[in-house]
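Enquirer: Any chance you could fold what I've pasted below:
(one chain, ligands or ions: 1)
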Amino acid sequence: MNLNDIAKKMCAKGKGILAADESTGTIAKRFKSINVENLEKNRLTFRQTLFNSNAMKNYIGGVILFDETIRQKTTLGPSIPELISNHGAIPGIKVDTGAKPLAGSDDETVTEGLDGLRERLKEYYSLGARFTKWRAVYKISDKLPSSQSIKSNAHALARYAALVQEAKMVPIVEPEVLMDGSHNIDKCYQVTTNVLNECYNELKIHKVDLEGTVLKPNMVIPGSDCKDKSTPGEIAKKTLECLKKNVPSNVPGIAFLSGGQSEIESSKNLNEINKINDTNFLITFSYGRGLQASALKEFGKNQENIENIQKAFNHRAKMNSLSSKGEWSENLEKESAT
Ligand code: 5MM
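Expert: I've put the predicted structure just below:
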């Protein structure tokens, strides 16, 4: 498959991406919230339970893994990447090494991981990965994000994407403008515009073939402490307008992060966006928390109750699949849950 085919398969209508690439520190936080010890065995059990569920065949086009996970063998027989491929989804890998303090800036980060990346990519390809992910993080405040953060993160994202295409994999480009703060939706629109512009400027300089990429952006949404709440209709309108103005039309797929929205909110907003999507972009989900929160709760109740964990995951994946087609509704949410 060429890179454009892979990108289109990851975001095919009715399918989306499962972001299961929590690093050991992040999954520790998730497990702490359900009183589960952060052991390799428990991380494997939770993840293989998700990757072996029925939802994988119908609703998941790709799974983003963490370095530890792509090397694991399941207790069911196949390796983790084989289990994912056997279910018809594409295995992918997070290749950044995290957001680190940006020298010269107060309280901002630049994402690292370029050193030795060419060699790491060869190994990930041999382990079965066909796409990758790199996440840049931007904070909003009165003065942030700085142009230093916008420029340095875009530069790193573009160098990453060029190396990934050289290694014959599809780069997911993830510039995440955080929801934290009291800013309103217009501020989020303006910052997301600046961030996307700089990213596509650098991707062009680095000769990245946009047809072989997937964008993973935030939705245009008010800060979590903002008093002026927006309706899903407003969020959808501003998000789509921002994408239409700032994302080149030859990008095949746009897969949103959930960014701290609840499961239902992230399904509802994605659904509203797809209801008014008049572009050629395949618009879908690449959720971590938005897909896993309920399944994680079930895992916390009883790690051995595979049926309940998978039931929760199947339901969420199905709801987001409907949203990726603009066919989700409150009624279907209730009916399918019971
Ligand atoms: C799954 O979480 C990923 C972050 O992991 P680390 O913080 O451990 O590196 C994250 O990049 C994720 O892929 C995206 O933010 C989407 O996840 P959400 O939960 O925002 O949908």
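
Enquirer: drop to CA atoms for contacts and neighbour counts, all remaining ones
Expert: Will do.

Enquirer: how about the residues of the stretch 51-200 of the chain near the ligand?
Expert: Gly98, Arg135 (CA under 6 Å from any ligand atom).

Enquirer: now the strands for the stretch 51-200 of the chain?
Expert: Using DSSP state E, counting those that start in this stretch, the strands assigned to the stretch 51-200 of the chain run over residues 60-65, 90-94, 98-101, 109-112, 131-138, 170-177.

Enquirer: Okay, now the unreliable bits of the stretch 151-300 of the chain?
Expert: Applying pLDDT under 70 to the stretch 151-300 of the chain flags no residue at all.

Enquirer: Now do the helices in it.
Expert: 185-205, 232-246, 263-275, 289-301 (DSSP state H, counting those that start in this stretch).

Enquirer: For the residue lying farthest from the centre of the chain, give its distance to Glu112.
Expert: Within the chain, Gly104 marks the point farthest from the mean C-alpha position, 28.8 Å out by CA atoms, centre = their mean. As for Gly104, its distance to Glu112 is 16 Å (criterion: CA to CA, to the nearest Å).

Enquirer: ok, Ala136 - contacts?
Expert: By CA atoms under 8 Å, 6 or more residues apart in numbering, the residues touching Ala136 are Ala99, Val110, Thr111, Asn153, Ala154, Leu157, Glu174, Pro175, Glu176.

Enquirer: same thing with Ile221?
Expert: The neighbourhood of Ile221, defined by CA under 8 Å, 6+ apart, consists of Met179, Asn184, Ile185, Cys188, Tyr189, Ser230, Ile235, Thr239.

Enquirer: how deep is the residue lying closest to the second one once chain neighbours are set aside tucked in, by neighbour count?
Expert: It stands for Asn184. Spatial nearest neighbour of Asn184, chain neighbours left out: Pro222 (4.6 Å); criterion: CA to CA, 6 or more residues apart in numbering. Residues within reach of Pro222, counting by other CA atoms under 10 Å, total 23.

Enquirer: Isn't Pro222 up against Tyr189?
Expert: No. Applying CA atoms under 8 Å as the test, Pro222 and Tyr189 come out as separate, 9.1 Å apart.

Enquirer: Could you dump the strands of the stretch 51-200 of the chain into TSV and include distance to Phe285?
Expert: Shown next, in TSV, are the strands of the stretch 51-200 of the chain (distance: least, CA to CA, whole Å):
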stretch	distance to Phe285
strand 60-65	10
strand 90-94	15
strand 98-101	22
strand 109-112	22
strand 131-138	14
strand 170-177	12
